[in-house]
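>>> Predicted model and sequence below, questions to follow.
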Amino acid sequence: MMEEITSLAEKHELWRGRETINLIPSENVMSPAVRALLSTDLGHRYTSPDRFYMGTRFIDEIEQYGVELAKDVFDSETADLRPLSGHVADLTFLACFTNPNDKVICVSRVDGGYPGILKQGIPNFLRLRNLDFPFSKAEMNLKADEAEDLIRREKPRVVIFGASLFLFPHPVRQLAEAARDASAHVGYDGSHVLGLIAGKEFQDPLREGASALFGSTHKSFFGPQGGIILADKEHGEVIRQRIRHAFVDNAHWNRIAALSLALAEMKEFGRAYARQVTQNARVLAKALAEAGFPVACPSLGYTRSHQVFLDFGGYKKGGIVARRLERANIIVDSGVRLGVCEATRRGMRREEMLNIADFIERVHFKEEKPSEVGRDVVKFMEDFQEIHYCFR
């Protein structure tokens, strides 16, 4: 039994860790030092702010160190590392600042919004009413003037920017002013673009009018899987007082130690990393467009984030494309959203983006056998096993 489990884990480690090009935008890769902290003794332990548990002095110091790093990296008045995921961060924000029957405005699912904060997700259990941002498919962004009218007319309790399919910065500054006039709380789900925000390469929601920035720590941000909340003092204090025991009890202190080190890496290397991510995304998008792929938003330069969107018209066709690419050791989602974060962290730059576009073209348009392309991918990946933008 033990051998079967460890064997499967080893096979996964070899395949996904060494032999595939991972282009899933929801994933990234940790540095060896960050990853090592997940297996320390911290993974066995508890701590609590009321000092119920003894033996926690080093755990508490690590958490405080991480909080201060987060505040520094994101220039926020408060930071909370305890959410176990981006979804839990969303839940915490919504539950802290809404009451039943309140209205929430966010990006709809059909426009690339995160399902967890839509009608069948968290709002369903909090008994909130969802309203959709007016959205332009051509520009893959909010229709700012129409959205402003919606906010002023409907007076929602909460407005949340951000999305799962996220190519361009949202018009936060203009709409946050309207939200404040309507006495709404403004949140920004930065799950996908958190690393780009930290690296000063996308937009700065907290300076543009959002009261809280929250989300996952393992997409464009290169930490362990988990969540984080950055907020102004007013909102951060409410969250600090309510998050335990309502939303998080044991916050997994090995994860918080790993996240703290990832924050230190982001402080040191984040700007160079984020700049290379966005450059790589545009190079990949342009190369795929020139090969004939339906890359979204060519007139806008394709993307300003880590994502490239191949608009095949839905999950059915996208899933066919994704499954064929998987057989060639190229991992994408059924979206088909392509993310370049992990490839960038493995040291890939312009030339490698052109190589990746060529692999994808060989599978999709030239109809080469995926197994043959897959062998070339394995050989290609031999040169990209070292993690960059981290402490040695």
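Thanks, I have the structure now. Model, not experiment: these values are computed from the prediction.
>>> domain ranges for the chain?
Domain ranges of the chain: 7-26+269-381, 33-263, per automatic domain parsing.
>>> tally of neighbours for the residue lying closest to residue 340 once chain neighbours are set aside?
Distances taken as CB to CB, 6 or more residues apart in numbering put residue 280 closest to residue 340, at 4.4 Å, once the chain neighbours are dropped. All C-beta spots, glycine's among them, are computed from the backbone N, C-alpha and C. Using other CB atoms under 10 Å, residue 280 has 23 neighbouring residues.
>>> Same list (the domains of the chain) but as a markdown table, adding distance to residue 392 and mean pLDDT.
A markdown table is the format used below for the domains of the chain (distance: least, CB to CB, whole Å; pLDDT from 0 to 100):
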| stretch | distance to residue 392 | mean pLDDT |
| --- | --- | --- |
| domain 7-26+269-381 | 11 | 97 |
| domain 33-263 | 9 | 97 |
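>>> coming back round to it: assign a three-state SS to the residue nearest to residue 340, would you?
Of the three states, residue 280 takes helix under DSSP: H, G, I helix; E, B strand; the rest coil.
>>> Quickly note the distance from it to residue 327.
Per CB to CB, to the nearest Å, residue 280 is found 24 Å from residue 327.
>>> And for residue 372?
Applying CB to CB to residue 372 and residue 327 gives a distance of 10 Å.
>>> can you check residue 89 too?
Taking CB to CB as the measure, residue 89 falls 35 Å from residue 327.
>>> Who has more neighbours out of the two?
Per other CB under 10 Å, whichever of residue 89 and residue 327 has more neighbours is residue 89, with 32 against 13.
>>> Next, the residues that contact stretch 82-98 from outside, please.
The contact list for stretch 82-98, computed with CB atoms under 8 Å, 6 or more residues apart in numbering, reads 104, 114, 116-117, 122-123, 126, 128, 157-158, 160, 185, 187, 189, 191, 212, 214-217, 225-229, 235, 238-239, 242-244, 246-248, 251-252, 255-256.
>>> Tell me where this protein has strands.
Using DSSP state E, the strands of the chain run over 21-22, 78-80, 103-106, 129-132, 135-136, 141-142, 158-161, 185-189, 212-216, 227-231, 307-309, 330-331, 337-339.
>>> and these as JSON lines, adding distance to residue 172?
Converted to JSON lines, the strands of the chain look like this (distance: least, CB to CB, whole Å):
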{"stretch": "strand 21-22", "distance to residue 172": "30"}
{"stretch": "strand 78-80", "distance to residue 172": "19"}
{"stretch": "strand 103-106", "distance to residue 172": "13"}
{"stretch": "strand 129-132", "distance to residue 172": "17"}
{"stretch": "strand 135-136", "distance to residue 172": "15"}
{"stretch": "strand 141-142", "distance to residue 172": "9"}
{"stretch": "strand 158-161", "distance to residue 172": "6"}
{"stretch": "strand 185-189", "distance to residue 172": "7"}
{"stretch": "strand 212-216", "distance to residue 172": "10"}
{"stretch": "strand 227-231", "distance to residue 172": "14"}
{"stretch": "strand 307-309", "distance to residue 172": "18"}
{"stretch": "strand 330-331", "distance to residue 172": "32"}
{"stretch": "strand 337-339", "distance to residue 172": "22"}
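>>> Residue 363 is nearest to which of these?
The closest of the strands of the chain to residue 363 is strand 330-331. By CB to CB, the value is 7.1 Å.
>>> so how far is that closest one from its chain's centroid?
18 Å (CA atoms, centre = their mean, to the nearest Å).
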